[in-house]
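Enquirer: My questions concern the predicted model and sequence given below.
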Amino acid sequence: MSAQRSIVIGGGAFAGLALALALRQGLGVDIPVIVADPALATRPSRDPRATAIVAACRRLFDTIGVWDQVAAGVQPILDMVVTDSRLEDATRPVFLTFAGDVEPGEPFAHMVENRHLIDALVKRAEAEGVDLRATAVTTFESRSDGVDVTLADGSVIEASLLVAADGARSRLRERAGIATHGWDYDQSGIVVTVGHERDHHGRAEEHFLPSGPFAILPLAGKRSSLVWTEKRAEAARIVALSEDEFHGELEQRFGLHLGEIKALDKPRAFPLGYFVARSFIGQRLALVGDAAHVIHPIAGQGLNMGLKDVAALAEVVVDAARLGMDLGQADVLERYQRWRRFDTMAMGLATNTLNLLFSNESALLRAVRDIGLGLVDRAPPLKNMFIRQAAGLAGEVPRLLKGEAL
């Protein structure tokens, strides 16, 4: 086997840390794996958000030895209901229901609090010998035979491959000159955790309102995580309200089916848009997660798409190492891009279409979509297909997403 240099991952959130663990376990100790991110200095994590981890990505976390560390505090999504109504409607008729299992005893998704999962990933990475550095990648110079990566602390690493896992505003993507295409939705997602009087019994709810989807996602205990879409200006108005005024807006949308409700943290609004990098690779560079693509949260697939990138890139790199190939050479990275780009474009198109179809006041479109939802609800094979797609188990699935070690 030819000598291999380090692999450097710029970005230490879910995608960067999961990739580091998968590579470390698949490549062994001879090839150093380095994760550089200033956020690694903040321990424990303070991220108040929660995320739906689909079945395939849960298998990935299980395989890299992280799921057991968070399993006690996760909430399986046992079923899901979809409604379509106006805000002022007295009732919200259910047009579509999903049972929660992709396989017997395996829910199609679990809700996980971000801070617990990040902390578990960091702890496992330390135990596996991943080199965690609380500093940023500032510059890099790619050559035919390697890439010199300079960190903010002044150190320079000779690497075979640099991975950009540094988010939607990726400086590494920009430094590589990789353009993006997409658009802004003029919408924001309001994120807040809510406590309620009654048990949710693991049910997720997606209420399609004219301003956008209002998703109620169950957390452990009598709590739920909300992802609430509004026009940008309206979202800014809502998050600036007093506690009592915000409660009024929340109750109008949430309803009282779970009894009295209360916001447990300060609501925050995040701008929503769609973009895809024109290339997922550069010279000795691979983009993963939000650095490669950002989609609408309407289907809850954003983070899971990034974890699919992780599984595909890790498999490609480990396979190349076993063949004695240079891990950062162009044909290795091209295999990764071919694997992920079509799926990403298809999911982006699907979420964009759903957003356009549901986030409007058109009575005609409402009638059409409600008929469509009703037809899907009466077609179990079609529902099963949608569930497997949402769970990340359709198409050419990387080994880690099947629960198989590399």
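Expert: Sure, I can see it.
Enquirer: What ranges does the stretch 1-150 of the chain have for its strands?
Expert: For the stretch 1-150 of the chain, the strands defined by DSSP state E, counting those that start in this stretch cover 6-10, 33-36, 50-54, 75-76, 79-84, 94-99, 101-103, 106-107, 109-113, 131-133, 137-143, 146-151.
Enquirer: Looking at the ones you listed, which is nearest to T42?
Expert: Of all the strands of the stretch 1-150 of the chain, it is strand 131-133 that lies closest to T42, at 12.3 Å by C-beta to C-beta. Just so you know, the C-beta spots here come from the backbone N, C-alpha and C atoms, and that holds for glycine as well.
Enquirer: Lowest average pLDDT across the strands of the stretch 1-150 of the chain?
Expert: Lowest mean pLDDT within those: strand 94-99, at a mean of 77.
Enquirer: Centre of the chain to the lengthiest helix in the chain, how far?
Expert: Determined from DSSP state H, the single longest helix within the chain is helix 330-358. Distance of helix 330-358 from its chain centroid, counting by C-alpha atoms, centre = their mean, to the nearest Å, is 14 Å.
Enquirer: Tell me if I'm right that N114 and R46 touch.
Expert: No - N114 lies out of contact with R46 (C-beta atoms under 8 Å); the separation is 9.6 Å.
Enquirer: Which of the three states applies to the residue nearest to the spatial centre of the chain?
Expert: In the chain, the centroid-proximal residue (C-alpha atoms, centre = their mean) is L303; its distance is 0.6 Å. Secondary structure state of L303, per DSSP: H, G, I helix; E, B strand; the rest coil, is helix.
Enquirer: So it versus L23, what's the distance?
Expert: As judged by C-beta to C-beta, to the nearest Å, L303 and L23 stand 19 Å apart.
Enquirer: Ok, L307 next?
Expert: 14 Å.
Enquirer: cool, K123 as well?
Expert: Applying C-beta to C-beta to K123 and L23 gives a distance of 17 Å.
Enquirer: Switch the strands of the stretch 1-150 of the chain over to CSV; also include mean neighbour count and distance to F61.
Expert: Converted to CSV, those look like this (neighbours: other C-beta atoms under 10 Å; distance: least, C-beta to C-beta, whole Å):
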stretch, mean neighbour count, distance to F61
strand 6-10, 26, 17
strand 33-36, 25, 17
strand 50-54, 25, 7
strand 75-76, 20, 14
strand 79-84, 19, 21
strand 94-99, 17, 22
strand 101-103, 16, 16
strand 106-107, 18, 14
strand 109-113, 25, 9
strand 131-133, 18, 18
strand 137-143, 17, 25
strand 146-151, 20, 27
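Enquirer: how about the ones you listed, which one is nearest D343?
Expert: Between D343 and the strands of the stretch 1-150 of the chain, the shortest gap by C-beta to C-beta is with strand 50-54, which sits at 13.6 Å.
Enquirer: Parallel or antiparallel, list what pairs with the longest strand belonging to the chain.
Expert: With secondary structure taken from DSSP state E, the chain has its longest strand at strand 180-196. Partners of strand 180-196 in the sheet, by DSSP bridges, are strand 223-231 (antiparallel), strand 261-263 (antiparallel), strand 268-277 (antiparallel).
Enquirer: what about the chain, any weak spots by pLDDT?
Expert: Residue ranges of the chain with pLDDT under 70: 1-4, 88-91, 93, 100, 299, 359-370, 372-379, 381-383, 385.
Enquirer: show me what contacts R86?
Expert: R86 makes contact with 209-210 under the criterion C-beta atoms under 8 Å, 6 or more residues apart in numbering.
Enquirer: Skip the chain neighbours and tell me the closest residue to the residue nearest to the centre of the chain.
Expert: Once flanking residues are discounted, L303 sits nearest to T51: 5.3 Å by C-beta to C-beta, 6 or more residues apart in numbering.
Enquirer: In three-state terms, label A168 for me.
Expert: Per three-state DSSP, A168 ends up coil.
Enquirer: Hmm, it is touching I295, no?
Expert: No - under the criterion of C-beta under 8 Å, A168 makes no contact with I295, lying 10.7 Å away.
Enquirer: Tell me which of these two has more neighbours.
Expert: Each of A168 and I295 has its neighbours counted (other C-beta atoms under 10 Å); I295 has more, 24 against 16.
Enquirer: Next one: the more buried one from R322, what distance?
Expert: 33 Å.
Enquirer: which one of the strands paired with strand 180-196 lies closest to L400?
Expert: Across those, L400 has its closest neighbour in strand 268-277 (22.3 Å, C-beta to C-beta).
Enquirer: What is the following helix or strand past the closest one packed up against?
Expert: Going down the chain from strand 268-277, the next helix or strand is strand 281-282, by DSSP states H and E. When contacts are defined as 3 or more C-beta pairs under 8 Å, 6 or more residues apart in numbering; DSSP states H and E, strand 281-282 packs onto helix 330-358.
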